[in-house]
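Asks: Predicted model, plus sequence, below.
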Amino acid sequence: MDYSKLGFKCGLEIHQQLETHKLFCSCPSIIHDENPAITVKRKIRAVAGETGGVDKAAAFEKARGRTFIYEACKTSSCLVELDEEPPHDVNQEALMIAMEIALLLNAKPIDRIQFMRKTVIDGSNVSGFQRTALIATDGYIQTSKGKVAVPTICLEEEAAKKISDNGNEVTYRLDRLGVALVEIATDPSIKDAEHAKECASIIGMIIRSTGKVKRGIGTIRQDVNVSIAGKARVEIKGFQELRSMPLVIENEVKRQIELKESKPEVRKANPDGTTEFLRPMPGADRMYPETDVKPIIITKKMLESIELPELLTEQAIRLEKDYKLNENLAKELVDEEVDFDRYAKAFPKIEVTFLATALVIYPKEIKRKHNLENLKIKQEDYMQILGYLNEAKISKEAVVELMTDAALGKKIDISRFGNVSDDVLRKELKAIVDANKGVSVNALMGDAMKKFRGKADGKKIMDLLKELAGQ
């Protein structure tokens, strides 16, 4: 597909939850509450925006006449979420995290932040609007196909989580409503479908470099705006995995090529790579000033207090260089957010490649081998097991066995892995060799490991067998 010839235009909107309490109240940002104790019903109507008109998307939702049911738990929601109390002062920690992200994106913070109300009446905001504020402009990222501009970065509140929808009634849970969110928008200079995936990956890497954002399914969302020459812009929502992005974009371009008429609209990304209509594209009529939140002045002192972190890509290169790790292992450590410097300092007697392998490769192997949905190995488990190895109380082979025990919820017990002395090991291995004359070292190794797995280093066993067998 010749994207350039088609007049292809594409831009991204990345939404990332921040690891802090909610944006306009002190409620924790819990997004997995169960057994709600509070239930309210609401009807939501559209209001005129700052330009005096009613937004098309809002009018579309109003015409559906649906009833919205809101479930809340006192552990994660208060009167602010229920729209029964004005918003509190803006979460300063969230503001500074968003500013840190903006600076990493080479953007220019604005000097006066004014929150706006963005009309949203699909029920995902109890108030019928989302509070959002522009915090920085004129950023950019460097990609393999040139610079891609990031014209706007916003700080806003997350929407409620949809629980069910039967057409006439929609149920939402309020634990997610109000969670601090940064929105990053690129310009439409993305060259093709694979380039869109690359841009989203780079922005995601930059965001994660702060170490101050939430991780896991649903904590980051990517929306893609796509158009070709002569056709209207379409916004595609619902990307959870980057690998699906190129296919969905390519299918959307093919769909637009076949259209005789096109209108700006919002569509949903389906798992099979297709899209489906959600609602008309919103416009400028949906915005109006938020009078309950006072403007925030951004000072030079505030910006100078932000210490920018090492980017994850730079961290991987440093780990590779400083510890002589291979490239893939260094990237794995960074992707899994392992503080390898801390582990290397804590366990100086453990060979660094083995240490890295134990931290990022073994857990995946254990999870796959035992078909575990969630790995139960805790931070203290790693420290305890690796501590035993560092003190030479166990061998390398015992590490994966003990990690497996921890993953299966068993007690970490090294009594069965007590190291054998060199003299005892040599004597026992000689007995194995004498009893199996003419057998290959590899076969002898199998018998030896059955007896000494976790009690002696595998390399030491192999070296002794070769010596004793004269091979």
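Replies: Yes, it's here.

Asks: got the domain boundaries for the chain?
Replies: Per automatic domain parsing, the structural domains of the chain span 9-304, 422-469.

Asks: Out of those domains, indicate the one that is most buried.
Replies: Stretch with highest mean neighbour count among the domains of the chain: domain 9-304 (a mean of 18; mean count of other Cβ atoms under 10 Å). Bear in mind the C-beta positions are built from the backbone N, C-alpha and C, glycine included.

Asks: So what's the gap between that one and the chain middle?
Replies: 16 Å (Cα atoms, centre = their mean, to the nearest Å).

Asks: What's the end-to-end length of it?
Replies: Terminal residues of domain 9-304 lie 37 Å apart, using Cα to Cα, to the nearest Å.

Asks: Just give me the lowest mean pLDDT stretch among the domains of the chain.
Replies: When those are compared by mean pLDDT, domain 422-469 comes last with a mean of 76.

Asks: in the stretch 151-300 of the chain, which spans are helices?
Replies: With DSSP state H, counting those that start in this stretch, the ranges of helices along the stretch 151-300 of the chain come out as 193-209, 245-258, 300-304.

Asks: Using CSV, list the CA coordinates for the longest one.
Replies: This means helix 193-209. Presented in CSV, the C-alpha positions along helix 193-209 are these (Å, rounded to 0.1, in the frame of the first residue of the first chain):
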residue,chain,number,x,y,z
ALA,A,193,0.8,2.0,9.7
GLU,A,194,4.1,0.6,11.1
HIS,A,195,5.3,4.1,11.8
ALA,A,196,2.2,4.7,13.9
LYS,A,197,3.2,1.6,16.0
GLU,A,198,6.7,2.9,16.3
CYS,A,199,5.6,6.3,17.5
ALA,A,200,3.2,4.8,20.1
SER,A,201,6.1,2.6,21.3
ILE,A,202,8.5,5.5,21.7
ILE,A,203,5.9,7.6,23.6
GLY,A,204,5.1,4.7,25.8
MET,A,205,8.8,4.2,26.6
ILE,A,206,9.2,7.9,27.5
ILE,A,207,6.2,7.8,29.8
ARG,A,208,7.4,4.6,31.6
SER,A,209,10.8,6.1,32.1
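
Asks: Now do it against helix 245-258, angle only.
Replies: 140 degrees (axes from the mean of the first three to the mean of the last three Cα atoms, to 10 degrees).

Asks: just checking, what packs against helix 193-209?
Replies: strand 9-17, helix 92-104, strand 129-143, strand 180-185, strand 220-227, helix 245-258, helix 312-323 (3 or more Cβ pairs under 8 Å, 6 or more residues apart in numbering; DSSP states H and E).

Asks: Just list what the first one packs against, helices and strands only.
Replies: Judged by 3+ Cβ pairs under 8 Å, 6+ apart, the packing partners of strand 9-17 are strand 180-185, helix 193-209, strand 220-227.

Asks: what sits against the residue nearest to Arg255 when sequence neighbours are not counted?
Replies: Residue nearest to Arg255 in three dimensions, not counting chain neighbours: Thr275, with 7.2 Å by Cβ to Cβ, 6 or more residues apart in numbering. Thr275 makes contact with 234, 236, 248, 251-252, 255, 267-269, according to Cβ atoms under 8 Å, 6 or more residues apart in numbering.

Asks: beta partners of Thr275?
Replies: Ala269 (DSSP bridges).

Asks: Let's check: the centremost residue of the chain is which one?
Replies: Nearest to the geometric centre of the chain sits Arg215, at 3.9 Å (Cα atoms, centre = their mean).

Asks: can you pull the contacts of it?
Replies: Arg215 sits next to 208, 337 when contact means Cβ under 8 Å, 6+ apart.

Asks: roughly how far apart are it and Lys378?
Replies: Distance from Arg215 to Lys378, counting by Cβ to Cβ, to the nearest Å: 17 Å.

Asks: Ok, Asp339 next?
Replies: From Asp339 to Lys378 the distance is 15 Å (Cβ to Cβ).

Asks: what does Gly204 give?
Replies: 27 Å.

Asks: Equivalent analysis for Pro348, please.
Replies: As judged by Cβ to Cβ, Pro348 and Lys378 stand 23 Å apart.

Asks: Same question for Lys237.
Replies: 36 Å.
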